[in-house]
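**Q** let me see the structure of the following:
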Amino acid sequence: MAVWEFAVLGTQKMRAPRIRRLRKVNESCHCKLVWQIKYEDSMMAYFFHARFDNSDGSMKGGYKSSSVWTGIKKVWDFVSSNEKWAIGDGERTLFCHDKWLGSSSIANMSSLNHSLFQDLDTKVGAFIKEGKWVFPPVSSSFIKEIFDKVGKLPISLGFSKDICSLENFSMKSSWEGLRQSQPKVGWLKLIWGHYLQPRQSVFGWRLLQGKLPCDDKIKARGILFPSRCELCMIEEESINHLFLECKCVRYLWSSFSSIFGATFTSYCSSMVLSKWWSQKSRVLGLKDALWAGYILIPYFIWLKRNSRRFNSVSRNFRQIFNSILGKLHRMSPSMKGRVASVFDLVCSRNEILENLALEVSSETVAQE
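**A** Below you'll find the predicted structure:
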């Protein structure tokens, strides 16, 4: 499930896809239902509590003929593991099974078999008398240690009832806990610029992930056929050759980089190039134009490759370069930047962009 949204990152406004795994979204909905069963004061909660929940807060064993039983069973322990109680009168919190004394329950702190605690449903309120802790004499060193730790806790007389932190539960918080998050990547801003079309951003993502169906990728799946680069007509086609190594492609990268006063050199992969491109943008105030070029150059290369292979239509690289500059010129009203260097001053002059537009208009072939 993917929904396009505008995200504001610092001062940079970007269009990025909000992608959710439907399986995790479904599990988040079941987390919401489990929370309602355990803590909501309603007839629905009473019904499900009687059917699925034991008095100690655990889930009943066995199989229940219910459409929601399987989903509830999967997330019950997840919801329980994220509970944390703040003690008020102690009448809602189980002394041994709920997490109110630290990050785990007393039953989990103990080295004893958990089955010994199964039938213990004593509430914390049983040890509170007239606003003070009252404990019976015990011989167990573990229970004595627990009583000593509990006795140091202040009793929150301001609360009429115990409060569970899950009472501020939301589907977003459960989804964040269930999903497997990945570290942020450095090329995010290169491909999700608000000035780019969604198809161009998706193309950039596929390029960096190596998901474009170039000849080398197809051969890796066991489909053998003769391969030739549609640009130089000499070497075999591979994703690195097509977008980085081909002498015709290097002309595009070098020509575009020279506009910003940079020198393009050889790079082994698009991912390595993205790091250099991002570093180069740090010394420029007109980042949007440079970032857009990183996607537009391979995007127009891909269009030329497909046009020549499937439609037998050929264009020289001067035309392609002019098409890239023309596209960049049309994007310029939505781009932002500040003049931070001499190169910024040169690139930001209106007459430069106007000259580019005049040069492009004479020989641009619109195929986007």
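
**Q** any idea where the strands of the chain begin and end?
**A** When secondary structure is read from DSSP state E, the chain shows strands at 2-9, 12-19, 85-86, 128-129, 132-133, 163-164.

**Q** ranking those by mean pLDDT, which is last?
**A** For the strands of the chain, mean pLDDT drops lowest on strand 2-9, to a mean of 39.

**Q** run through the stretch 51-200 of the chain and note the low-pLDDT ranges.
**A** 55-57, 85-86, 97, 102-103, 112-119, 156-169 (pLDDT under 70).

**Q** go again using 90 as the cut-off
**A** 51-198 (pLDDT under 90).

**Q** quick one, domains of this structure?
**A** Annotated domains of the chain cover 22-178, 188-361 [automatic domain parsing].

**Q** mind putting those domains in a markdown table, mean neighbour count included?
**A** Where C-beta positions appear, they are placed from N, C-alpha and C, glycine not excepted. A markdown table is the format used below for the domains of the chain (neighbours: other CB atoms under 10 Å):
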| stretch | mean neighbour count |
| --- | --- |
| domain 22-178 | 15 |
| domain 188-361 | 17 |
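
**Q** and the residue lying farthest from the centre of the chain, what does it touch?
**A** In the chain, Pro137 marks the outermost C-alpha relative to the chain mean, sitting 53.1 Å out by CA atoms, centre = their mean. Going by CB atoms under 8 Å, 6 or more residues apart in numbering, Pro137 touches no other residue.

**Q** swap in 10 Å and give it another go.
**A** Contacts for Pro137 (CB atoms under 10 Å, 6 or more residues apart in numbering) come out as Lys144, Phe147.

**Q** what about the helices in the stretch 151-300 of the chain?
**A** Using DSSP state H, counting those that start in this stretch, the helices of the stretch 151-300 of the chain run over 171-178, 188-191, 198-208, 215-219, 239-240, 247-259, 270-281, 287-311.

**Q** of all these, which one comes closest to Glu91?
**A** With CB to CB as the criterion, Glu91 lies closest to helix 171-178 of the helices of the stretch 151-300 of the chain, at 26.2 Å.

**Q** which residues are contacting the closest one?
**A** 20-21, 23-25, 27-32, 34-35, 74-75, 78-79, 81-82, 166, 170.

**Q** rerun that using 7 Å as the cut-off
**A** By CB atoms under 7 Å, 6 or more residues apart in numbering, the residues outside helix 171-178 that reach it are Lys24, Val25, Glu27, Ser28, Cys29, Cys31, Lys32, Phe78, Asn82.

**Q** quickly note the distance from the last one to His241.
**A** For Asn82, the distance to His241 equals 50 Å [CB to CB, to the nearest Å].

**Q** got it, and the fourth one?
**A** Plainly put, Ser28 is 44 Å away from His241 if you go by CB to CB.

**Q** again with the fifth one
**A** With the distance defined as CB to CB, Cys29 ends up 47 Å from His241.

**Q** and if you look at the first one?
**A** As defined by CB to CB, Lys24 lies at a distance of 38 Å from His241.

**Q** same check, this time on the second one
**A** Computed with CB to CB, the distance linking Val25 and His241 is 41 Å.

**Q** thought Leu290 was touching Gly261?
**A** No. With contacts counted by CB atoms under 7 Å, Leu290 stays clear of Gly261, the gap being 10.7 Å.

**Q** measure Gly193 to Ile146 for me?
**A** Using CB to CB, Gly193 is found at 57 Å from Ile146.

**Q** quick one, what contacts Ala262?
**A** Lys280 are the contacts of Ala262 under CB under 7 Å, 6+ apart.

**Q** can you pull the pLDDT of it?
**A** 79.

**Q** same question for Lys211.
**A** 91.

**Q** next up, the contacts around it.
**A** Applying CB under 7 Å, 6+ apart, no residues qualify as near Lys211.

**Q** just give the closest residue to Phe256, not the sequence neighbours.
**A** In space, and not counting its chain neighbours, Phe256 is closest to Gly293: 5.1 Å by CB to CB, 6 or more residues apart in numbering.

**Q** and what of Thr122?
**A** According to CB to CB, 6+ apart, the nearest residue to Thr122 is Phe95 (4.7 Å).

**Q** measure the one you found to Phe135 for me?
**A** Relative to Phe135, and taking CB to CB, Phe95 is found at 11 Å.

**Q** go on, Ile143?
**A** Computed as CB to CB, the Ile143 to Phe135 distance reads 9 Å.

**Q** do Glu236 as well
**A** 80 Å.

**Q** and if you look at Ile72?
**A** Separation of Ile72 from Phe135 (CB to CB): 36 Å.

**Q** again, but for Ala289
**A** To Phe135, Ala289 is 72 Å away according to CB to CB.

**Q** can you check Arg179 too?
**A** Relative to Phe135, Arg179 is positioned 42 Å away (CB to CB).

**Q** got it, and Arg199?
**A** 68 Å.

**Q** with Met233 instead?
**A** From Met233 across to Phe135, the span is 88 Å (CB to CB).

**Q** list the contacts of the residue nearest to Met331 when sequence neighbours are not counted.
**A** In space, and not counting its chain neighbours, Met331 is closest to Tyr195: 4.7 Å by CB to CB, 6+ apart. Neighbouring residues of Tyr195 by CB under 7 Å, 6+ apart: Asp288, Ala292, Met331, Ser334, Met335.

**Q** in CSV: these, plus distance to Thr265 and pLDDT.
**A** As requested, the contacts of Tyr195 are exported to CSV (distance: CB to CB, whole Å; pLDDT from 0 to 100):
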residue, distance to Thr265, pLDDT
Asp288, 24, 82
Ala292, 21, 88
Met331, 26, 80
Ser334, 31, 70
Met335, 26, 71
